[in-house]
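1. quick one, structure for this:
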Amino acid sequence: MIDAQSRPQILEHLSKSLTVTIYDVKWIPSSARFVALGTFPRNTGCLQVWELQGAELKMTKEVERPASFKCGTFGASGLLDRQLATGNFNGQLQLWDLERTEQPTFSAQAHASIINQVDGCGGQSKGYGPPELVTCGRDGCVRVWDVRQEEAPVAAFEPGKTDKARDCWCVAFGNSYNDEERCVVAGYDNGDIKLFDLRTNRVRWEGNVKNGVCGVQFDRKDIEMNKFVATCLESQFHSFDARTQHPKEGFASVVEKVAVGSTLWSVQHLPQNRDVCAVTAGDGSVNLFKYHYPDQRKLKDGSGKEKGVAGTLELLANKNLSTQPISGFDWSADKEGLFVCAAFDQCVRVGLVTKLHKI
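-> Numbers count the residues shown, from 1 in each chain. Below is the predicted model:
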């Protein structure tokens, strides 16, 4: 456990009130800039680029597009070109050069309606598979796209013909530690969580956490599966130890609840420390947790099969930054503890977490 004097603090550094609704924010790699994605009051898409200039936030670009933006990622882009992938309310997946935003460099009709989330992989790491994007939507489909070809997804996981299509709320890449292995974890409105293996094109594991899954993320994309977190309705989240999969029981997990009863919108692991994550809540709070590994991560059951042992979670800090839900949150990969977030009070905030080197 962390002693009181070493506990981190969450501080708000800058804030800016806007006249638009922002759904997602992402730091532009290797820069002091971030993008804000959302909608203008006239229900058109809003893409803004903001820059930290001393003690001020300056907007350096604003773009309007026909459809509102819901989500974005730089995960499939290299550090030099830094192209932004976006998903919009019309189901379009698009890739943008932020220096020339007249037309997207890639565009595909990924889903029939709103894209709830997009994640990227393979852009910033060499030798860890192709640059790919994964999308999910209200149609219950999870689709994987190679940014070098627009014709069709390279993999698709869709509801069966006799199944009721569940709204897929979130997706994330993981287990991409070489050129062959890569997985996608997806969360659904009925509490289902599914782990898809892209090498075999099959469901590797599935479970149900009894509450709609609002956010999922592996602690790292480009390592062998270690653990992943799923945030849910009714103020709870689950941390799964993905190192050991039991043939019947699946992955060991630990459940934690945030004190204030509200939806947990998202989870973002600290880039510089995979055992620390921020969980954002519907009451406008950011909650910082640390995962503690057990003394023994696996043991054998009565039949000799290995199964995982879950660790514990410790609340390090929490702070209310808004009176409305925090819709988007992103850590800076360049400066430890620096983050940007957006809330439904139509405000973007840049903050800092202190003392992270002590935990």
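2. which parts of the helix or strand residue 50 falls within are buried?
-> The secondary structure element spanning residue 50 is strand 45-53 (assigned by DSSP states H and E). Buried positions in strand 45-53, judged by neighbour count with 16 or more other C-beta atoms under 10 Å: 45, 46, 47, 48, 49, 50, 52. C-beta here means a position set from N, CA and C on the backbone, and glycine is covered the same way.
3. residues touching the last one, list them.
-> Yep, that's residue 52 we're talking about. Applying C-beta atoms under 8 Å, 6 or more residues apart in numbering, we find residue 52 in contact with 14, 32, 33, 350.
4. tell me the confidence at it?
-> Looking at residue 52, its pLDDT is 95.
5. next one: the second one
-> As predicted, residue 46 sits at a pLDDT of 98.
6. any idea how far residue 328 is from it?
-> When distance is defined by C-beta to C-beta, to the nearest Å, residue 46 is 13 Å away from residue 328.
7. mind checking which of the contacts of residue 52 land in strands?
-> The subset of these located in strands under the criterion DSSP state E comprises 14, 33, 350.
8. I'd like those residues as a markdown table, with neighbour count and pLDDT appended.
-> As requested, the ones in strands among the contacts of residue 52 are exported to a markdown table (neighbours: other C-beta atoms under 10 Å; pLDDT from 0 to 100):
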| residue | neighbour count | pLDDT |
| --- | --- | --- |
| 14 | 16 | 95 |
| 33 | 19 | 97 |
| 350 | 21 | 97 |
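9. now distance to residue 321 too, for these, in JSON lines please.
-> What follows is the ones in strands among the contacts of residue 52, written out as JSON lines (distance: C-beta to C-beta, whole Å):
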{"residue": "14", "distance to residue 321": "12"}
{"residue": "33", "distance to residue 321": "21"}
{"residue": "350", "distance to residue 321": "11"}
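10. I figured residue 347 hits residue 17, correct?
-> Yes - counting by C-beta atoms under 8 Å, residue 347 touches residue 17, with 5.2 Å between them.
11. looking at these two, which is more packed in?
-> residue 347 (16 against 8; other C-beta atoms under 10 Å).
12. contacts only, for that one.
-> Contacts were defined as C-beta under 8 Å, 6+ apart; by that measure residue 347 touches 15, 16, 17, 18, 322.
13. the second one sits in which helix or strand?
-> Think residue 16. Taking DSSP H and E as the definition, residue 16 sits inside strand 10-17.
14. now do that strand: which elements does it pack against?
-> When contacts are defined as 3 or more C-beta pairs under 8 Å, 6 or more residues apart in numbering; DSSP states H and E, strand 10-17 sits against strand 56-65, strand 312-320, strand 347-353.
15. out of the contacts of residue 52, who's nearest residue 156?
-> Comparing the contacts of residue 52 against residue 156 with C-beta to C-beta places residue 33 closest, at 33.9 Å.
16. show me the beta-bridge partners of the closest one.
-> When assigned by DSSP bridges, residue 33 has beta-bridge partners residue 51.
17. same deal with residue 192?
-> Checking residue 192 by DSSP bridges, which sets the bridge assignment, gives partners residue 208.
18. quick check: it touching residue 211?
-> No - with contact defined as C-beta under 8 Å, residue 192 does not reach residue 211; the gap is 10.7 Å.
19. most centrally placed residue in the protein?
-> Central residue check for the chain by C-alpha atoms, centre = their mean: the C-alpha nearest the mean position is that of residue 217, 5.4 Å away.
20. ok, it to residue 45 distance?
-> Computed with C-beta to C-beta, the distance linking residue 217 and residue 45 is 25 Å.
21. ok, the residue lying closest to residue 62 once chain neighbours are set aside - contacts?
-> With C-beta to C-beta, 6 or more residues apart in numbering as the measure, residue 48 is the residue that lies nearest to residue 62, at 5.1 Å, once sequence neighbours are left out. Taking C-beta under 8 Å, 6+ apart as the criterion, residue 48 is in contact with 20, 35, 36, 59, 61, 62, 63.
22. ok, 7 Å please
-> For residue 48, the contacting residues are 35, 36, 59, 61, 62, by C-beta atoms under 7 Å, 6 or more residues apart in numbering.
23. over to residue 157?
-> Taking C-beta under 7 Å, 6+ apart as the test, what residue 157 contacts is 142, 196.
24. quick check: phi and psi on it?
-> Here the main-chain torsion angles of residue 157 (degrees, to the nearest 10) amount to phi -120, psi 110.
25. so what's it scoring on pLDDT?
-> 95.
26. could you check how far it is from residue 203?
-> Noted for residue 157: a distance of 7 Å to residue 203, by C-beta to C-beta.
27. what residues are shared contacts of those two?
-> Residues touching both residue 157 and residue 203 comprise residue 196, with contact defined as C-beta under 7 Å, 6+ apart.
28. circling back: using CSV, list the CA coordinates for the strand holding residue 50.
-> Presented in CSV, the C-alpha positions along strand 45-53 are these (Å, rounded to 0.1, in the frame of the first residue of the first chain):
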residue,chain,number,x,y,z
GLY,A,45,-18.9,17.0,-36.9
CYS,A,46,-16.4,19.1,-35.0
LEU,A,47,-12.7,18.5,-35.1
GLN,A,48,-10.5,20.9,-33.1
VAL,A,49,-6.8,21.0,-32.5
TRP,A,50,-5.6,22.6,-29.3
GLU,A,51,-2.0,23.5,-28.2
LEU,A,52,-0.5,24.1,-24.8
GLN,A,53,1.2,27.5,-25.0
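29. tell me the angle of that strand relative to strand 10-17?
-> For strand 45-53 against strand 10-17, the angle by axes from the mean of the first three to the mean of the last three C-alpha atoms, to 10 degrees is 120 degrees.
30. next, the angle from strand 45-53 to strand 347-353.
-> Taking the same axes, to 10 degrees, strand 45-53 and strand 347-353 form an angle of 40 degrees between their directions.
31. all set, thanks.
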